[in-house]
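1. Dropping the sequence and predicted coords here.
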Amino acid sequence: MATPPPGDGARPVTIATLQAMKERGEKIASLTAYDAGFAALVDRAGVDFVLVGDSLGMVVQGHATTVPVTVDDIVYHSSMVARGLTRALIMSDLPFMSFPTPEAALANAARLMQEGGAQMVKLECHEGHAPIVERLADCDVPTCVHLGLRPQTVNKLGGYRVFGRDEATCKALIADAKRFESAGADMLLLECVASAAAKRIAEAVKVPVIGIGAGPDVDGQILVLYDIIGVTSGRRPRFAKDYMAGGRTLGEAVRAYVEEVRDGRYPAPEHGFS
């Protein structure tokens, strides 16, 4: 039987809900979605928030990276996802080059919220983006800051890698986390961060910390929906798990993921990085 949604039953999830879950030590479960049908599916399974990620560029549009995704794309898919949700909070990505300045970030965040129905925006940040986050916070835009591996920078990085494996980079990530919390971020997302470093980051800040390939000791988990239902083309990321194994239906697979996040079975050691 699926684990019932935590806390206040069927009432809509808010930032305050997620903050209270961190404070109570309850794990936050989240997934991506890109249309109304899948949004309704994951909502019924009890996810706490849904991300309309620029991952749609790869898993829906068929691009090699997330770089070609536009604000128009995110607005379009967010509007569909918003119509499929009744409980989960909806977060939408600010895609590549949509936030080069605080004013550009604000204008595009407004589009995601007003046209797309987003309740929070996510942006991939380095330390120089703190003024952008401050500007969004000053205008009451709920913000999630994405640290660690930032897929929008893949061309600059020259590929994908794990962050926080040594003490120097771990300390830098902790400093960034604190900087963005002070700037007004409501949530942090860590991608491909060594498990030990991610644990230290989650302990260093008061806002919820969500992991994707960041080990079990953060406040919650997110995965790309297509990765857990076995329809991703190419190699599945190490941190993803196939929840369709054993002949589950789509609904059963998503509920199994939510249950395993809640009780700590996911992620297992093989889904993280040392």
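-> Ah, there it is. Residues are numbered from 1 along each chain as shown.
2. Okay, buried residues for the helix or strand that contains residue 112 please.
-> Assessed by DSSP states H and E, residue 112 sits inside helix 102-114. Going by neighbour count (16 or more other C-beta atoms under 10 Å), the buried part of helix 102-114 is 102, 104, 105, 106, 108, 109, 111, 112, 113. No exception for glycine: its C-beta is placed from N, CA and C like everyone else's.
3. and what of stretch 220-229?
-> 220, 221, 222, 223, 224, 225, 226, 227, 228, 229.
4. Can you pull out the residues in contact with it?
-> By C-beta atoms under 8 Å, 6 or more residues apart in numbering, the list of residues contacting stretch 220-229 from outside reads 18, 21, 27-34, 38, 42, 48, 51, 53, 55, 59, 189, 208-212, 232, 236-237, 239-244, 250, 253-254, 257, 261, 266-267.
5. Would you map the helices across the protein?
-> 15-24, 36-44, 56-59, 71-84, 102-114, 130-138, 154-157, 167-183, 195-204, 225-228, 250-263 (DSSP state H).
6. Name the residues that touch the fourth one?
-> By C-beta under 8 Å, 6+ apart, the surrounding residues in contact with helix 71-84 are 33-40, 43, 50, 52, 54, 56-57, 60-61, 90, 92-95, 98, 108, 111-112, 115-118.
7. Go ahead and build a ChimeraX selection from the buried members of the residues you listed.
-> Only the buried entries of those go into this ChimeraX selection, using 16+ other C-beta under 10 Å:
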select :33,34,35,36,38,39,40,43,50,52,54,56,57,90,92,93,94,95,98,108,111,112,116,117,118
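8. before we move on, back to that, how far off centre is the helix holding residue 112?
-> Relative to its chain's centre, helix 102-114 lies at 19 Å (C-alpha atoms, centre = their mean, to the nearest Å).
9. got the angle between it and helix 71-84?
-> 30 degrees (axes from the mean of the first three to the mean of the last three C-alpha atoms, to 10 degrees).
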